[in-house]
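*Asks:* Take this sequence and fold it.
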Amino acid sequence: MLIHISHIQILIMKLHLVSLFFAISCVAEEYHFVSINNLIEQEIGRIVIQHIYKNMGIEVTITPLPGKRAQYEATSGISDGEIMRIFSYGIDNPKILRVPTPYYYLETMAFIRKGSNVKVLNKDDLAKYSIAKVRGVKHTNNITKGLKTIDFNSTEQALRFVQKGRADIALTNTIDGLMKLKYLNINNVVPIENPLKKLELFHYIHENHKDLVPRVDAKIKEMIANGELARVIEIAELAVLNN
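*Replies:* You can find the predicted model right below:
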């Protein structure tokens, strides 16, 4: 009888330990964000955002998705937000809240074929040409609003289209285009002299977690002030470019 009671007590203790484990797990903060796949700046952003949250003692997971799918998951609350978008993204999608301080930037760059007669000095010149771009990317969508474009799933596809002379211009972020050209060993496509636009990039959090916004903003400001953010960005760029 004593052995039987002891066995029951052990079982009860085990149940208490399991309950305690789940209680601790529930208290720990953890968030899941999405990013846009196949873009260099987003890969850099994934490293930087994880470091920012790690400094706050918070674990995050990030899933790369096509642009429109990422937008759907972030705005619907399936995910807790999106790691990196431009300022106007928050105006168009009020369900997700912009962390006020930008932590990175991108350049909207036109890539053209060597020896072509394409002359692009500003965004108004784009109307004269056929344009290839990645679908669902806000900064290239904005600059081509009202224009006919050919949309692709990746920067590689857009650049190859220009390489083959099937489009006049490929639009993407400068660093993204340059690295993809290097990876593809394409030598007859080059960026124009100056980017068409430079845009700050922001982290977005779903309104369900609005209390998180000022906390992340304070951490970004702190990391800017002490120089840590610049160091993390440099490490992230090297890691992505070397990969």
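*Asks:* Show me where the chain dips below the pLDDT cut-off.
*Replies:* 1-28 (pLDDT under 70).
*Asks:* again, only this time at 80
*Replies:* In the prediction, the chain carries residues with pLDDT under 80 at positions 1-28, 243.
*Asks:* Helix or strand: which one has residue 213?
*Replies:* Using DSSP states H and E, residue 213 sits in helix 212-225.
*Asks:* Pull out the buried residues from that helix.
*Replies:* Buried residues in helix 212-225, counted by 16 or more other Cβ atoms under 10 Å: 212-213, 215-217, 219-220, 223. Yep, even glycine has a C-beta here, placed from its N, CA and C like the rest.
*Asks:* TSV please, covering those and showing distance to residue 37.
*Replies:* Below are these laid out as TSV (distance: Cβ to Cβ, whole Å):
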residue	distance to residue 37
212	24
213	25
215	28
216	23
217	26
219	26
220	24
223	26
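*Asks:* quick check, nearest of those to residue 120?
*Replies:* When the buried residues of helix 212-225 are compared for distance to residue 120 (Cβ to Cβ), residue 220 wins out at 33.9 Å.
*Asks:* residues near the nearest residue to the closest one once chain neighbours are set aside, how many?
*Replies:* With Cβ to Cβ, 6 or more residues apart in numbering as the criterion, residue 220 has its nearest non-adjacent residue at 4.6 Å, and that residue is residue 101. Per other Cβ atoms under 10 Å, the neighbour tally for residue 101 reads 17.
*Asks:* got the contact list for residue 101?
*Replies:* 202, 217, 220-221, 224 (Cβ atoms under 8 Å, 6 or more residues apart in numbering).
*Asks:* Spell out the residue ranges of the helices in this structure.
*Replies:* According to DSSP state H, the chain carries its helices in the segments 2-27, 40-55, 67-76, 88-92, 138-143, 155-163, 174-184, 212-225, 228-242.
*Asks:* Export those helices as JSON lines, with columns for distance to residue 198.
*Replies:* Shown next, in JSON lines, are the helices of the chain (distance: least, Cβ to Cβ, whole Å):
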{"stretch": "helix 2-27", "distance to residue 198": "42"}
{"stretch": "helix 40-55", "distance to residue 198": "12"}
{"stretch": "helix 67-76", "distance to residue 198": "20"}
{"stretch": "helix 88-92", "distance to residue 198": "14"}
{"stretch": "helix 138-143", "distance to residue 198": "10"}
{"stretch": "helix 155-163", "distance to residue 198": "18"}
{"stretch": "helix 174-184", "distance to residue 198": "9"}
{"stretch": "helix 212-225", "distance to residue 198": "18"}
{"stretch": "helix 228-242", "distance to residue 198": "16"}
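*Asks:* wait, which of those helices is closest to residue 108?
*Replies:* helix 138-143 (5.1 Å).
*Asks:* Can you report how many residues lie near residue 235?
*Replies:* Neighbour count of residue 235, defined by other Cβ under 10 Å: 14.
*Asks:* Run through the residues that contact it.
*Replies:* Counting by Cβ under 8 Å, 6+ apart, residue 235 touches residue 47.
*Asks:* separation between it and residue 193?
*Replies:* Using Cβ to Cβ, to the nearest Å, one gets 30 Å for the distance from residue 235 to residue 193.
*Asks:* what sits up against stretch 77-88?
*Replies:* With contact meaning Cβ under 8 Å, 6+ apart, stretch 77-88 is reached by 31-36, 41-42, 45-46, 49, 62-63, 70-74, 89, 95-96, 98, 102, 104, 106, 138-139, 142, 199-206, 208-209.
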